[in-house]
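Asker: sequence-free structure coming up:
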């Protein structure tokens, strides 16, 4: 047992509150196995999508918990603290831009998925284009992009445990034991309850985060001299010269030279976010298409929360917060937990720590389920065992969800945290490249399947090489960032957006050539009415009874 004493560096009161709240959500996770439980959980429909039964409120908490993760809580204010507005605050406009985008296309994806039993975006691409290689490309991209995202949730949880006093010491087992226990429990209740577990826990997680941030933005600025002092302190720090780079520490307000960087980061991130398997999984769990649109209208409430959260990085500057890791080195990732530790009473610091730690569980659970569904449906069944039963699919998905969590845990415990961040940045570049195949396909079949595959391949190579060539000014290593000069413009921009433009150009030119040559574009298994179908529509139910989701609709 780890002694909760001051000598051990552990904040006993905060740790007690953290453990109590963590125990509460663990109980809720296991109780979720009985929530709306069907006769059988042995299918991806039930285990992986919650029976497509969640209403507006549950979906709001689930999608919000999926997007605003523990690492968001840690990384956004850390970026504001370390380098300022361009690196950190772009996350606010990107979430604002995001919701009109998903309002437009996500309901269509829900409808066609509901009609045909699609669980992943790769399922849709397979049905729309009759192209196994293209479907595999979408599946593998989503799977690989999700893996480091799960690892980063552990980074967020580790930041809390380190500040609370459990991150130091030479005994690696004692140091990492809380992380082992947390993810063993996570693995247990997601294995049994599937998506229902994070849906229940998301409610507790989001209520805690709202409470902590609202209290923080009211209480903390008052105790550091007010918002005017906060902004003055941030501006002063961003104006100082970084000795490692010889340049200003950061950007207080975006200037002309950073406008392209800021804009492309915001737009590219907005286009990419709902290409991730976990975002799609949370959306497809809704009970009807109107839930998707209602959530697109009310989810911007989280953007307000995110803006306030980002400003905590500058509050930490005014407060003189010094985030130092267990190794004695400065670590900006610890700035928000350290700010809470320094400024809040111990009991409320425990609540704040719990909000971040529980904030890791919800997205990690959804991400592992989504990655497992992708593997089971689009790799295992499609390529390894085509005759797999529904129950076998579910079993493979459950086992893969355990493997994914274990890999993420191993990744974080054995590799440098910067590697996890670098791979997540690379994953963001990759995941945007499936956008043409998925979103364009929801509206038109003009794009040719092989042109889409070629565009994806060219963009993946360009994006990976461009990211590799970015050298970190601090460590000198490759994959040192996600921005580079935009060819032909001479401006710095988000690599993912440059790759995306190349992707679309290749797809357009290739489609024009292949269509003109009358090369077969496969057989479309969807029908126009599928994209407007809703649950409980008698016409839809009648149509569903006339043809299998695995077969093309009858010829007109």
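Answerer: Alright, I've got the coordinates. As the structure is a computational prediction, the values presented were derived from the model and not from experiment.

Asker: remind me which residues of the stretch 101-250 of the chain are low pLDDT?
Answerer: 167-175, 244-245 (pLDDT under 70).

Asker: which residue is nearest the middle of this protein?
Answerer: The centroid of the chain falls nearest to residue 67 when counting by C-alpha atoms, centre = their mean (5.3 Å).

Asker: that one contacts residue 95, correct?
Answerer: Yes - proximity of residue 67 to residue 95 meets the contact threshold set by C-beta atoms under 8 Å, at 7.4 Å. Glycine gets a C-beta too; all of them are placed from N, C-alpha and C.

Asker: pLDDT score for residue 540?
Answerer: The model reports residue 540 with a pLDDT of 49.

Asker: scratch that, residue 312 is what I was asking about
Answerer: Value listed for residue 312 in the pLDDT field: 95.

Asker: ok, then the element right after the helix or strand that contains residue 341?
Answerer: Applying DSSP states H and E as the criterion places residue 341 in helix 335-343. Where DSSP H and E defines the elements, the next helix or strand beyond helix 335-343 is helix 346-375.

Asker: distance from that next one to the middle of the chain?
Answerer: 11 Å (C-alpha atoms, centre = their mean, to the nearest Å).

Asker: before we move on, what about stretch 262-273?
Answerer: Distance, centroid of stretch 262-273 to centroid of chain: 14 Å (C-alpha atoms, centre = their mean).

Asker: I'd guessed residue 335 sits against residue 314; true?
Answerer: No - Residue 335 lies out of contact with residue 314 (C-beta under 8 Å); the separation is 10.3 Å.

Asker: got any residues that touch both of these two?
Answerer: residue 81 (C-beta atoms under 8 Å, 6 or more residues apart in numbering).

Asker: now residue 492, nearest residue through space, not along the chain?
Answerer: Closest residue to residue 492 apart from its sequence neighbours, by C-beta to C-beta, 6 or more residues apart in numbering: residue 261 at 4.8 Å.

Asker: how close does that neighbour get to residue 248?
Answerer: 15 Å (C-beta to C-beta, to the nearest Å).

Asker: more crowded one of these two?
Answerer: Legend: neighbour count by other C-beta atoms under 10 Å for residue 261 and residue 248, higher for residue 261 (22 against 15).

Asker: make sure that one is actually in contact with residue 87.
Answerer: No - at 9.1 Å, residue 261 does not count as touching residue 87 under the criterion of C-beta under 8 Å.

Asker: run a quick neighbour tally on residue 49.
Answerer: Residues lying near residue 49 (other C-beta under 10 Å) number 25.

Asker: list the contacts for it?
Answerer: Residue 49 neighbours (C-beta under 8 Å, 6+ apart): 119, 195, 281, 284-285, 373.

Asker: sorry, back to before: the residue nearest to residue 492 in helix, strand or coil?
Answerer: Here residue 261 is helix, with the state taken from DSSP: H, G, I helix; E, B strand; the rest coil.

Asker: tell me the pLDDT at it?
Answerer: Looking at residue 261, its pLDDT stands at 92.

Asker: where does pLDDT dip in the chain?
Answerer: 1-9, 167-175, 244-245, 418, 474, 537-556.

Asker: what about the strands in it?
Answerer: Along the chain, counting by DSSP state E, strands occupy 241-242, 247-248, 483-485, 492-494.

Asker: if you compare these, which one is most tucked away?
Answerer: Among the strands of the chain, strand 492-494 has the highest mean neighbour count (mean count of other C-beta atoms under 10 Å), at a mean of 23.

Asker: which residues are contacting that strand?
Answerer: Contacts of strand 492-494 from elsewhere in the structure, counted by C-beta under 8 Å, 6+ apart, are 257-258, 260-261, 263-265, 267-269, 482-486.
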